[in-house]
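>>> Here is a sequence with its predicted model. Questions after.
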Amino acid sequence: MKLLYFAWLRQRTGKGEEDLTPPASVATVVELVEWLKTLGPGYMRAFSEMKSVRVAVNQEYVPFTYKINSGDEVAFFPPVTGG
Amino acid sequence: MKLLYFAWLRQRTGKGEEDLTPPASVATVVELVEWLKTLGPGYMRAFSEMKSVRVAVNQEYVPFTYKINSGDEVAFFPPVTGG
Amino acid sequence: MIKVQREDFDLGREIDALTRGRHGIGGVASFVGLVRDLAGDPSTGAQAVRSMTLEHYPGMTEKQLADIEAEAHRRWKLDASLIIHRYGRLDPGDRIVLVVCASPHRQAALEACAFLIDWLKTKAPFWKLEETPTGAEWVDAREADDAAAARWRRDQAAE
Amino acid sequence: MIKVQREDFDLGREIDALTRGRHGIGGVASFVGLVRDLAGDPSTGAQAVRSMTLEHYPGMTEKQLADIEAEAHRRWKLDASLIIHRYGRLDPGDRIVLVVCASPHRQAALEACAFLIDWLKTKAPFWKLEETPTGAEWVDAREADDAAAARWRRDQAAE
């Protein structure tokens, strides 16, 4: 699974992009986040304020209850501030 | 009194601008129009469709009941189509 | 700023001149009106426009444009604004009018720009004489009035 | 048309390229977003912005912009449209974003332009890192959200 982090999520996780294989029990974005938080303090900090985190799967906005597959591109980022 | 005509009012009256001295009995724009219509068939044609005529006195839109003075600039024109 | 002129204008250059060095500006909304030739659109039933001549009321035009520009500054917080309206002979595709509004906030800029162009269409003393294959005709104001009235209903734009 | 680029753009040239030879276009509405420096405005309590860096999500950005452009064409009768969004390092006064909508009718052009810029502000995957005298800070989205919500109320703009 390809994971992407932008803005302060990138800074807190310490990486912009990585390939990870979550355990088979991880079925939704929520479960993915819970698993990521076990990987280290950077992830813990990145996902400590979930109301300021948005997620896109395969470049489309999705809710955190969205079901994910092993081939997905999953991106985490704060609310956008473009324009 | 300075009189101005624009667009098809200019074409029908045959002039863009003229100085006229209406009789003292002419107190409002309506009365001015009635008097102008006695000056010839061009004026009669110009003022035959009053719902398509607008008037400005001293470069401000006014209603036809507006009172006019001898030193005024009075302009007649159709509804505007700029922009 | 108001300009009533025969000459064409360059939108990029006008906006640069208006906004240069003013770093409080966050958004610049603009509108350019062009001479439209609807000959290619059978749905309108319009005749081909070859060219047009814009007549105006010198003096009153500038006065009215300055008044409405001041009104826009009263209604919205604007850093700068510009209205250019051309007169004289114009061909299809030519620029007729420019409205620019610059503000700290995009909404004020967008709304003020829409307000000014709607007002220009219904109040600025300009008249269009269109040349068509069957002769020259003064443009009727009906279409412009309808569009302006619809402008503030915005039922179509509801999110 | 969508362009996500580091380079600056020239508004006049972009509009000319978009509208040239298309004589059915009657109005072109555009919006340019600039890097704002509110240091001169004590009412905002904002710190001086020295420069900012715009980060984006390559791939998703283009996809999302193309989707919303298509949505604008479904909602309004547009002849042409253009969205340019820059990324990378920008200074106060620099252009960030351009939206252009061309239509036979000014109202469609104006509304579609407002729709697109509001959407960009709330959905396009860009993030601003501002440099201030006290360090670099990610811009909070709150202000942008509020402004976008207010956009369609338009109580202030009622005639």
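Great, that's in hand. Numbering: from 1, shown residues only, chains lettered A, B, ... in the order given.
>>> Could you use CA atoms for every contact and neighbour count after this?
Will do.
>>> what sits against residue 70?
Picked chain A for this. By CA atoms under 8 Å, 6 or more residues apart in numbering or on different chains, residue A:70 lies in contact with A:1, A:21.
>>> The intended chain is chain C.
If you count contacts by CA under 8 Å, 6+ apart, then residue C:70 has nothing around it.
>>> now with 10 Å?
For residue C:70, the contact set (CA atoms under 10 Å, 6 or more residues apart in numbering or on different chains) comprises C:1, C:64, C:81.
>>> Which of the residues you listed fall in strands?
Using DSSP state E, the members of those that fall in strands are residue C:81.
>>> List buried residues within the contacts of residue C:70.
In terms of neighbour count (16 or more other CA atoms under 10 Å in any protein chain shown), the buried residues within the contacts of residue C:70 are C:64, C:81.
>>> contacts with chain B among the contacts of residue C:70, please.
Among those, the residues lying close to chain B (CA under 10 Å from any CA of the partner chain) are residue C:64.
>>> Now do residue C:26, the pLDDT please.
pLDDT, the model's per-residue confidence, is 92 for residue C:26.
>>> Quote the end-to-end distance of stretch A:16-29.
Terminal residues of stretch A:16-29 are spaced 18 Å apart (CA to CA, to the nearest Å).
>>> Quick check: mean pLDDT of that stretch?
Rounded mean pLDDT across stretch A:16-29 is 97.
>>> Which positions in it come out as buried?
A:16, A:26, A:27, A:29.
>>> Distance from the chain centre to it, please.
9 Å (CA atoms, centre = their mean, to the nearest Å).
>>> wouldn't residue C:127 be in contact with residue C:53 here?
Yes - between residue C:127 and residue C:53 there is a contact under CA atoms under 10 Å: 8.2 Å.
>>> Show me whatever sits in contact with both of these two.
Joint contacts of residue C:127 and residue C:53 (CA under 10 Å, 6+ apart) are C:87, C:138.
>>> More neighbours: which of those two?
residue C:127 (27 against 17; other CA atoms under 10 Å in any protein chain shown).
>>> Could you spell out the sheet neighbours of the helix or strand hosting that one, each with its direction?
Per DSSP states H and E: residue C:127 is located in strand C:126-132. The strands beside strand C:126-132 in its sheet (DSSP bridges) come out as strand C:51-56 (antiparallel), strand C:135-138 (antiparallel).
>>> what's the longest helix in chain C?
When chain C is parsed with DSSP state H, its longest helix is helix C:106-123.
>>> residues from chain A in reach of chain C?
Residues of chain A lying near chain C (CA under 10 Å from any CA): residue A:83.
>>> ok and the residue in chain A nearest chain C?
residue A:83 (9.5 Å; CA to the nearest CA).
>>> For the closest residue to chain B within chain A, which non-adjacent residue is closest in space?
When distances are taken as CA to the nearest CA, chain A reaches nearest to chain B at residue A:83, 28.8 Å away. On the basis of CA to CA, 6 or more residues apart in numbering or on different chains, the spatially nearest residue to residue A:83 that is not a chain neighbour turns out to be residue D:121, at 5.0 Å.
>>> State the distance from the one you found to residue C:2.
Distance from residue D:121 to residue C:2, by CA to CA: 31 Å.
>>> Closest one of the contacts of residue C:70 to chain A?
Distances from chain A to the contacts of residue C:70, taken by CA to the nearest CA, are shortest for residue C:81, at 21.1 Å.
>>> what's across from that closest one in the sheet?
residue C:101.
>>> That one contacts residue C:71, doesn't it?
No - Residue C:81 lies out of contact with residue C:71 (CA under 10 Å); the separation is 11.5 Å.
>>> coming back round to it: check which helices and strands the longest helix of chain C is in contact with.
strand C:27-34, helix C:60-75, strand C:80-86, strand C:95-103, helix C:142-151, strand D:27-34, helix D:106-123, helix D:142-151 (3 or more CA pairs under 10 Å, 6 or more residues apart in numbering or on different chains; DSSP states H and E).
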